[in-house]
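*Asks:* give me a model of this one.
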Amino acid sequence: MAIRFNAMNTDIALYGTDETAGLRARSWFSFVENTLSRFKEDSELTKLNRAGGRIYLASPLLYKVAETADYYFRQTSGLFNPYLGANLSGWGYSASFEKLGELSRPKPFVPSITPKNELEPAIFNPGQRSIQLQPQIQIDLGGIAKGWSAHKLSEMLKKEGWDSGLIDAGGDIASWSSGGGVREIAVAHPLKADLDIAVLKLNRSAGIATSSTQKRRWLDQTGRELHHLLDPRTGMPSKSDLIQVTVVARSLLIAEVYAKCLLILGTAGSRELLNHQLTDLGMIAVTQSGEILVHGNVEGELCKGRASL
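*Replies:* Numbering: from 1, shown residues only. A predicted model of the protein is given here:
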């Protein structure tokens, strides 16, 4: 039985539970979206971004997700960067994607880059649960909120007695199991709508996340095509040789963070990171030329013509 609904500007599906769990899921994703959306005028994240460098006393949800995003910002030496909200708006991503067509095309934009040695972009005080952003800094949690929400929901459902289940949040997967049975997860080709590049087979608890430069694209006033995955080293849409990266990890949160990092790094940088630091991750990537690259802990049926990373 699949329970389906729309939230956080994507399709959500819940498998292996019941309608009561489905109602819980709808309520949970709605709560997270209303709190953490950069595009809602009355969201708490919008209020934080408008605090103008002042100390902001955050709700438990906002504090936890922002602090988690900041943790991965530090873990990845800034490659995963939640502090690019102003740059995203400057490039034209200032409304939820389905509404971008209603807006005027953005003017050519020169991004701002914060040198690594400058002030911390945000100060977190766990004692008073406060966040203080540096002036001009805006947080965008779009790169982590969906995966964090699905991961957290899976933990809540496990505590309620659901020994196995699967949450599909727009293609990002949180799957858990007490053992037995195999789940098949298809990974779509970024350039060919009717083709899957892989069918992954899961017989364990895992997270799967995909980042792609092909989904959320728009034009500026010069006709230049843009996308939403910014390289924090340049402040510009990523120009690496990878156009899609799928990561298999022990949790969806980890998979979501590193799918973005590996895509930004490109083939050479991904190889270095996977071989020396992220040795427990599996990755399936697609290059600009359509070549499929596979690395690490990936089980399933993969497209012919693939290469090892």
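*Asks:* only C-alpha atoms for contact and neighbour calcs from this point on.
*Replies:* Fine.
*Asks:* on contacts alone, who are the packing partners of the longest helix belonging to the chain?
*Replies:* Secondary structure of the chain per DSSP state H: the longest helix is helix 252-276. If contacts are counted by 3 or more Cα pairs under 8 Å, 6 or more residues apart in numbering; DSSP states H and E, helix 252-276 sits against helix 145-159, strand 172-176, strand 206-212, strand 242-249.
*Asks:* which helices and strands does the following helix or strand past that helix pack with?
*Replies:* Proceeding N to C from helix 252-276, the next assigned helix or strand is strand 282-287, under DSSP states H and E. In terms of contact count using 3+ Cα pairs under 8 Å, 6+ apart, strand 282-287 is assigned the packing partners strand 242-249, strand 292-296.
*Asks:* most packed of these?
*Replies:* Most buried of those, by mean neighbour count (mean count of other Cα atoms under 10 Å): strand 242-249, with a mean of 26.
*Asks:* walk me through the domains of this structure.
*Replies:* 2-14+162-308, 31-133 (automatic domain parsing).
*Asks:* now the first one, how far from the chain's geometric center?
*Replies:* Taking Cα atoms, centre = their mean, to the nearest Å, one finds the center of domain 2-14+162-308 at 9 Å from the center of the full chain.
*Asks:* now swap in stretch 20-36 and tell me
*Replies:* The answer for stretch 20-36 is 18 Å, by Cα atoms, centre = their mean.
*Asks:* mean confidence score for that stretch?
*Replies:* The average pLDDT for stretch 20-36 rounds to 96.
*Asks:* identify the residues contacting that stretch?
*Replies:* 3, 5, 7-8, 14, 40, 43-46, 61-62, 141, 145, 149, 153, 157 (Cα atoms under 8 Å, 6 or more residues apart in numbering).
*Asks:* any of those buried? List them.
*Replies:* 3, 7-8, 14, 40, 43-46, 62, 141, 145, 149, 153, 157 (16 or more other Cα atoms under 10 Å).
*Asks:* so which of those residues are in strands?
*Replies:* Those of the buried ones among the contacts of stretch 20-36 mapping onto strands are 3, 7, 14, per DSSP state E.
*Asks:* coming back round to it: contact partners of the longest helix of the chain?
*Replies:* Counting by Cα under 8 Å, 6+ apart, 72, 76, 79-80, 143-144, 147-148, 150-151, 172-174, 206-212, 229-231, 238-249, 281, 309 sit against helix 252-276.
*Asks:* okay, buried residues for that helix please.
*Replies:* Under 16+ other Cα under 10 Å, the buried positions of helix 252-276 are 252-267, 270-271, 274.
*Asks:* ok, stretch 13-28 next?
*Replies:* In stretch 13-28, the ones that count as buried by 16+ other Cα under 10 Å are 13, 14, 15, 17, 21, 22, 25, 26, 28.
*Asks:* about what we covered before: which of the ones in strands among the buried ones among the contacts of stretch 20-36 sits closest to residue 166?
*Replies:* Using Cα to Cα, residue 14 is the member of those that lies nearest residue 166, at 5.9 Å.
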